[in-house]
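# structure of the sequence below:
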Amino acid sequence: MSARETVRPLPAAVEAVETQLSRVPRHPHAWLWWVAASQLAVMAIWLAWGWRAGLPALLVSHAFVLVPVFQPCSRVYAPVLARLPSSGRRVWLTIDDGPSDDTMAILDLLDRHAAKATFFLVGERAQARPGLVAAIVRRGHGIGNHSHTHPQAWFWALGPKRMRDEVLRAQQALTALCGQPPRWFRSVVGMTNPFVAAPLRTAGLTRVAWSARGYDAVRADPAQVVALIERDLAPGAIVLLHEGAPHGRSVEMIGLLLQRLDALDFASVLPEELMAAPVAHDGSAAGAKEPVRSAALVDER
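Got it, this is the predicted structure:
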């Protein structure tokens, strides 16, 4: 048996991949202890050295609370998956904001290039267009939770009740439409806050960020978008894409990206495929393209 000959899936290897992919929050309220400790430290500094030392300490402590909200890959408030644990030439295409008028054309492009993608859907949009959701599932692509109403301007500032509604209502709607619950969640505009972890734990969701993007929701030039994405392409990259962008060129951009991925010999896969793939004697997934360089593992809390 050759060194590259494949065998049946190894339970331990499959379990290891699934463990790396799953980032369901285990301690959704851990941030409370950190905030409390920081404020106690500020009080101690203020009492010991007065306001000249206490005020800067207070401002720094507030910055540490606020800055992670606007960092998509920050793990302060919830664990996050930012890259696939893969050393082969495989990437994960993630398409946000659907379903939309672009969905069917994107599905046709993906079929043409033998590519797979996960569509992060907005709950109320999915309920309004169930046929498009069914088409995504029927063609073998993944479904992710992208909130229920997509409150783009204020998602970062949502309180615990509204955040819970956004996550769990979308989860309920998508589960009813797809027949099984999504396991992936993409924050609106990638932002998060202290209240996102609790509903993610309730729903068993893993928060997904990205490692390559071209700002395709706002840039109207497909060549520029693809060039930006290509700059950050690497084995295991998670690529952020959108459908239904106001500039009307989302389909064209995705088509051009798929052409470049083919030219660069990258395969577009779903993370579920990594868990199900047979394992070769060298430890890589069967059928994987030869690695270029080691991929960073997922971010862990």
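
# list of residues touching stretch 217-231?
With CB atoms under 8 Å, 6 or more residues apart in numbering as the test, stretch 217-231 has contacts from 96-97, 212-216, 239, 242, 245, 247, 249, 252-253, 256-257, 260, 264. Every C-beta, even on glycine, is put in place using the N, C-alpha and C of the backbone.

# which members of those residues are classed as buried?
Neighbour-count burial (16 or more other CB atoms under 10 Å) applied to those gives 96-97, 212-214, 216, 239, 242, 245, 249, 252-253, 256-257.

# spatially central residue for the protein, please.
When CA atoms, centre = their mean is applied to the chain, the residue found nearest the centroid is residue 208 (2.2 Å).

# bridged to it, which residues?
Note on residue 208: beta-bridge partners by DSSP bridges are residue 81.

# you'd agree it is up against residue 183?
No. Using CB atoms under 8 Å, residue 208 is not in contact with residue 183; the gap is 9.7 Å.

# now the helix or strand hosting residue 230: buried residues?
Assigned by DSSP states H and E, residue 230 falls within helix 222-231. Across helix 222-231, burial judged by 16+ other CB under 10 Å covers 222, 225-226, 229-230.

# gap between the residue lying closest to residue 214 once chain neighbours are set aside and residue 50?
Nearest-residue entry for residue 214: residue 225, 3.5 Å, with adjacent residues in sequence omitted and distances by CB to CB, 6 or more residues apart in numbering. Per CB to CB, to the nearest Å, residue 225 is found 52 Å from residue 50.

# low-confidence ranges, this protein, go.
Within the chain, the stretches with pLDDT under 70 are 1-19, 276-301.

# and the next element down the chain from the longest strand belonging to it?
The strand that spans the most residues within the chain, counting by DSSP state E, is strand 90-98. Next along the chain after strand 90-98, taking DSSP H and E as the criterion, comes helix 103-112.

# any buried residues in that following helix, and which?
103-107, 109-110.

# who's in contact with the next helix or strand after that helix?
Remark: after helix 103-112, the chain's next helix or strand is strand 117-121, criterion DSSP H and E. Strand 117-121 is contacted by residues 92-99, 103, 106, 110, 133, 136, 141-146, 170, 174, 184, 186, 208, 241, 243, 268, 270-271 when judged by CB under 8 Å, 6+ apart.

# strands paired with strand 117-121, and their directions?
Note on strand 117-121: by DSSP bridges, its sheet partners are strand 90-98 (parallel), strand 142-145 (parallel).

# what's the closest of those to residue 27?
Ranking the strands paired with strand 117-121 by proximity to residue 27 (CB to CB) places strand 142-145 first, at 20.9 Å.

# got the residue ranges for the helices in the protein?
Shown for the chain, the helices assigned by DSSP state H span residues 11-21, 30-49, 51-66, 103-112, 123-128, 130-138, 160-178, 197-203, 222-231, 250-263, 271-276.

# can you lay out these as TSV showing distance to residue 73?
Converted to TSV, the helices of the chain look like this (distance: least, CB to CB, whole Å):
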stretch	distance to residue 73
helix 11-21	16
helix 30-49	17
helix 51-66	16
helix 103-112	25
helix 123-128	24
helix 130-138	26
helix 160-178	19
helix 197-203	15
helix 222-231	16
helix 250-263	21
helix 271-276	17
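
# ok, which of those helices comes nearest residue 151?
Closest to residue 151 of these is helix 160-178 (CB to CB; 7.0 Å).

# next, the angle from that closest one to strand 117-121.
Interaxial angle, helix 160-178 versus strand 117-121 (axes from the mean of the first three to the mean of the last three CA atoms, to 10 degrees): 130 degrees.

# counting by contacts, list what helix 160-178 packs against.
When contacts are defined as 3 or more CB pairs under 8 Å, 6 or more residues apart in numbering; DSSP states H and E, helix 160-178 packs onto helix 123-128, helix 130-138, strand 142-145, helix 197-203.

# among those, which is the most enclosed?
Across these, averaging neighbours per residue (mean count of other CB atoms under 10 Å) puts strand 142-145 on top, at a mean of 25.

# done for today, thanks.
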